[in-house]
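**Student:** can't give you the sequence, but here's the structure:
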């Protein structure tokens, strides 16, 4: 499970505010996970959430929102409502800022 090591390296870079380097590691881990795990595996959802975090911190809101939706859809198929990861993602609210600086809030139902 080398992807766990790669994610940990990404976590170190994220903590150091090296978002682009963290993102590269998370994307590499995701590719390995997608090649070796079922498409609805919770680890894939966690990695997608990490990727979304990097994109959010870089100001790439639309890409981040897409990753968050993928993560929510992934765990929505496999985890029961009491699972901590599903609960965390279920509470996530995706905020999109439009050109007029108004916020449109989109809630995602599981």
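**Tutor:** The structure has been received and is ready for your questions. Keep in mind the model is a prediction, meaning the values are calculated, not measured. Residues are numbered from 1 along each chain as shown.

**Student:** CA atoms for contacts and neighbours, from now on please.
**Tutor:** Noted.

**Student:** SS state for residue 59?
**Tutor:** Assigned state for residue 59: coil (three-state reduction, DSSP: H, G, I helix; E, B strand; the rest coil).

**Student:** For residue 18, grab phi and psi.
**Tutor:** Backbone torsions for residue 18, taken as degrees, to the nearest 10, come to phi -100, psi 70.

**Student:** Could I get the pLDDT score of it?
**Tutor:** On the pLDDT scale, residue 18 is placed at 97.

**Student:** what's the answer for residue 34, then?
**Tutor:** For residue 34, the pLDDT comes out at 97.

**Student:** Help me confirm that it comes into contact with residue 44.
**Tutor:** Yes: between residue 34 and residue 44 there is a contact under CA atoms under 8 Å: 7.2 Å.

**Student:** Compare those two (neighbour count), which wins?
**Tutor:** Neighbours were counted for residue 34 and for residue 44 using other CA atoms under 10 Å; residue 44 has more, 23 against 14.

**Student:** Mind listing what's buried along the host helix or strand of that one?
**Tutor:** Using DSSP states H and E, residue 44 sits in helix 42-57. Within helix 42-57, the residues that qualify as buried by neighbour count (16 or more other CA atoms under 10 Å) are 42-56.

**Student:** quick one: contacts for residue 27?
**Tutor:** Contacts for residue 27 were tallied using CA atoms under 8 Å, 6 or more residues apart in numbering; they are residue 51.

**Student:** Okay, and it sits in which element?
**Tutor:** Assigning secondary structure by DSSP H and E places residue 27 in helix 19-36.

**Student:** Report pLDDT for the spatially closest residue to residue 19 that is not a sequence neighbour.
**Tutor:** Here the nearest residue to residue 19 in space, its sequence neighbours aside, is residue 54; by CA to CA, 6 or more residues apart in numbering that works out to 5.6 Å. Residue-level confidence at residue 54 comes out at 96, pLDDT.

**Student:** which residues touch the most centrally placed residue in the chain?
**Tutor:** The chain has residue 49 as the residue nearest its centroid, 1.4 Å off, counting by CA atoms, centre = their mean. Remark: with contacts taken as CA under 8 Å, 6+ apart, residue 49 is in contact with 67, 68, 71.

**Student:** Many thanks, have a good one.
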